[in-house]
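Peer 1: sequence plus the predicted model coming up.
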Amino acid sequence: MSNWLSAAVEQAQALGEQMPAWRQASLPLLQGARWPTRKTEAWKYLPVNVWEQIKLDAPANPTPQLQAIEGVDSIDLVFVDGRLQNLPASLPAGLTITTFADADSQQAIAELFGQIKPGRHVFGLANDLLATDGLLVQVAAGAAIEQPLRIVNLVSAGEEAHTRVLVRVGAGARVSVIEESLGQGPSRNTAYAEYLLEESASLEHYRFALQGSAAVNVGGAHFKLQQQAQLNSTLVGFGSQLSRLDVDVIHAGEQANAKLNAIYLLDGKELFDLHSTIEHAVPNCTTEENVRGIVADNSRAVFNGRIHIHRNAQKTLAELNNRNLLMSDRAEIDTKPELEIYADDVRCAHGATVAAIDKKALYYMQSRGISRSQAQVMLSFGFINELVEEMPNEALADWLRPQLRERFAAMEVK
Amino acid sequence: MLSIKDLYANVEEKQILKGLSLDIKPGEVHAIMGPNGAGKSTMGYVLSGRDGYEVESGSAQLNGVDLLELEAEERARAGLFLAFQYPVEIPGVSNLEFLKAAVDAQRAARGEEAVSSKDFLKMAREACKQVNLPADFLKRGVNEGFSGGEKKRNEIMQMILLQPKLCILDESDSGLDIDALQVVAEGVNSQRDGERSFIVVTHYQRLLDYIKPDYVHVLSEGRIVRSGDASLALELEEQGYAWLKEQRAADETA
Ligand SMILES: Nc1ncnc2c1ncn2[C@@H]1O[C@H](COP(=O)(O)OP(=O)(O)O)[C@@H](O)[C@H]1O
Ligand SMILES: [Mg+2]
């Protein structure tokens, strides 16, 4: 066991009965959990010891500042170093946002907390005990919330922070949630979110992990889809010395659709590890997952995409694709799509490739006067921009694109 | 303007151009016709510098500049433009970004500054209008999901923006309905200024009703076997290319 984990357990034990019952339940689970090592399959490629070794020196960087997103009139919810800031004074009809401390919300919290996030995520269990400030977002049945929720996790240098978000999207309701983590200096952070999409609910989800490379972070986004629910999610990661994201989708009702796009841009010695597990527990659901990354210099991307189609999940349609562009010989990709199919009438496809620049496109661009090197840059960026273009929120895509461009340009110069 | 002399070129070890010669003066329009597989597209690729198209011997000069010595992008900057028979789709790169990069690269080569984004958007919208493409095509990926006709019009739009000296239009009319054909022809005609020259590769006399050629050539087995004025196209339309075989047979016995 790790010292860090032992301390977390001790801290929780000391609180004991003072913790709400829904939190207490995770204590024995965490006590029984194993701290991952290189021999743990799910952590094979990630040096988990960095988690404890990272030096949280006295803050050199001030807390990052939050800037508005042009063209996106969002409802902002901000955590600073794990502490939730003031909730908005007024909210659109059908939207309720409360904190974990809210006495009237305990029942609703208990119904979601740890109910969608699988218990196998050790850091997730730790987050159960450590994320004392948390948010409960409830969208009433039938409500269409036009303003996106922007949940920002600002982590200052030298800090350790744990945040938790629970979202219930009621039957037929529609909402858009942006989860964003920011912070440049050395820091340690877990951020977990659980989403319940009730019948015919629709969620537009974004998760941007755009921290600096000394910000070590482990987190997850976990979704449960009831009948006819629609999930459209876009993840973007810049990696860090240790950056791990677990995504779980459970198709629990028929005719639910999940579209998942993920992008990573890695440089230096950064790591990014995305593990996704899609459970098709019922028939007639679809999953379309596209993961694309560019890895430069000495960086490493790990992608493990599991799709589990249960015995009765007939007529499942599932596609999983991971494509990578390698910008240096020392960059590394470990990709493993895993299809486990126990139903016989399904359509599934998966693939993982190291992509190459399209020669025809390169020539076409050169034939217009664009230099070969510039054309290569444009095509490489185009490779991930394709997924940015698919973001349903155009203004958000316009905000994200220059950040990715800047990042990519920095990767180019080496 | 363009002077091709006795050009021999190979694709994957296979000789395709076999002694191609062609002279084009400023402002002239030359139509090139000929059976499938004759080497018409290959000529465009060889001149524009596509990888894998190797010149064995001969020369090609554009305004005295040896094209064959240049990289593909340098040929474009020297004023060569090829409207592709099959334009390439580039998802993820917007048409606008692509066009601006091309125009700016060519300007930079002439020592001119990049156009401001605002001015360029205006220019591009204007060019769209000229070829009857809605302006939102600028936002889409290059040729991505465009219909055959839209791709061809997009090529002409690029030509209008790039203002080349010599344009090679490779079957810019194939797959177009009569309205789209007129749009393409008008786009081309709007660029005729007595200086700019054109090579129009086509299978159909129809296009030449709109774009009047000064000369018509027949390309067969990698070289020009017959040249004439616009009336040759009419003749070919009636006769087809069967006579080529007889001529070849006659050549061989001679
Ligand atoms: N990449 C290639 N590899 C091998 N042969 C090719 C290739 N491209 C073209 N060719 C051959 O070159 C010949 C000329 O083709 P092309 O120039 O496209 O003819 P045209 O445009 O006149 O119809 C054809 O026989 C074609 O099969
Ligand atoms: Mg051809």
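Peer 2: Alright, I've got the coordinates. Numbers count the residues shown, from 1 in each chain, chains lettered A, B, ... in the order given. Ligands and ions are numbered 1, 2, ... in the order given.
Peer 1: how about the strands in the stretch 251-400 of chain A?
Peer 2: Listed in chain order, the strands of the stretch 251-400 of chain A (DSSP state E, counting those that start in this stretch) span A:257-266, A:271-280, A:286-295, A:300-309, A:317-326, A:332-341, A:347-354.
Peer 1: wait, does the last one contact chain B?
Peer 2: Okay, so that is strand A:347-354. No - between strand A:347-354 and chain B, judged by CB under 8 Å from any CB of the partner chain, nothing touches; the nearest distance is 15.7 Å. C-beta here means a position set from N, CA and C on the backbone, and glycine is covered the same way.
Peer 1: near ligand 2, which residues of the stretch 1-150 of chain B are found?
Peer 2: Residues of the stretch 1-150 of chain B found near ligand 2 (CB under 5 Å from the ion) are B:40-41, B:85.
Peer 1: for chain B, what spans make up the helices?
Peer 2: Assignment of helices within chain B using DSSP state H yields the ranges B:40-48, B:72-77, B:95-109, B:117-130, B:148-162, B:178-190, B:205-210, B:231-239, B:242-253.
Peer 1: how about those helices in a markdown table, adding mean neighbour count?
Peer 2: Formatted as a markdown table, the helices of chain B follow (neighbours: other CB atoms under 10 Å in any protein chain shown):
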| stretch | mean neighbour count |
| --- | --- |
| helix B:40-48 | 24 |
| helix B:72-77 | 24 |
| helix B:95-109 | 20 |
| helix B:117-130 | 15 |
| helix B:148-162 | 23 |
| helix B:178-190 | 17 |
| helix B:205-210 | 18 |
| helix B:231-239 | 15 |
| helix B:242-253 | 11 |
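Peer 1: mind checking which of the ones you listed is nearest ligand 1?
Peer 2: Closest to ligand 1 of the helices of chain B is helix B:40-48 (CB to the nearest ligand atom; 3.3 Å).
Peer 1: what mean pLDDT does the closest one get?
Peer 2: For helix B:40-48, mean pLDDT is 96.
Peer 1: that older thread, export the strands of the stretch 251-400 of chain A to TSV and tack on distance to residue A:146?
Peer 2: Converted to TSV, the strands of the stretch 251-400 of chain A look like this (distance: least, CB to CB, whole Å):
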stretch	distance to residue A:146
strand A:257-266	21
strand A:271-280	29
strand A:286-295	25
strand A:300-309	33
strand A:317-326	30
strand A:332-341	36
strand A:347-354	35
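Peer 1: do stretch A:65-74 and chain B meet?
Peer 2: No - for stretch A:65-74, no contact with chain B is found by CB under 8 Å from any CB; the gap never falls below 15.2 Å.
Peer 1: tell me who's in contact with the residue in chain B positioned nearest to ligand 2.
Peer 2: Closest to ligand 2 within chain B is residue B:41: 3.2 Å, counting by CB to the ion. If you count contacts by CB atoms under 8 Å, 6 or more residues apart in numbering or on different chains, residue B:41 has them with B:85, B:170-171, B:201.
Peer 1: repeat for residue A:331
Peer 2: Contacts of residue A:331 (CB under 8 Å, 6+ apart): A:266, A:295-300.
Peer 1: by neighbour count, which of the residues you listed wins?
Peer 2: Using other CB atoms under 10 Å in any protein chain shown as the neighbour criterion, residue A:266 leads those with 30 neighbours.
Peer 1: isn't that residue right next to residue A:296, touching?
Peer 2: Yes - using CB atoms under 8 Å, residue A:266 is in contact with residue A:296, at 6.6 Å.
Peer 1: how about the nearest residue to residue B:160, chain neighbours excluded?
Peer 2: Excluding the flanking residues, the one nearest residue B:160 by CB to CB, 6 or more residues apart in numbering or on different chains is residue B:127, at 4.7 Å.
Peer 1: so which residues make contact with stretch B:146-153?
Peer 2: If you take CB under 8 Å, 6+ apart as the criterion, stretch B:146-153 is touched by B:83, B:87, B:89, B:131-133, B:137, B:140, B:143, B:154, B:172-177, B:180, B:183-184, B:187.
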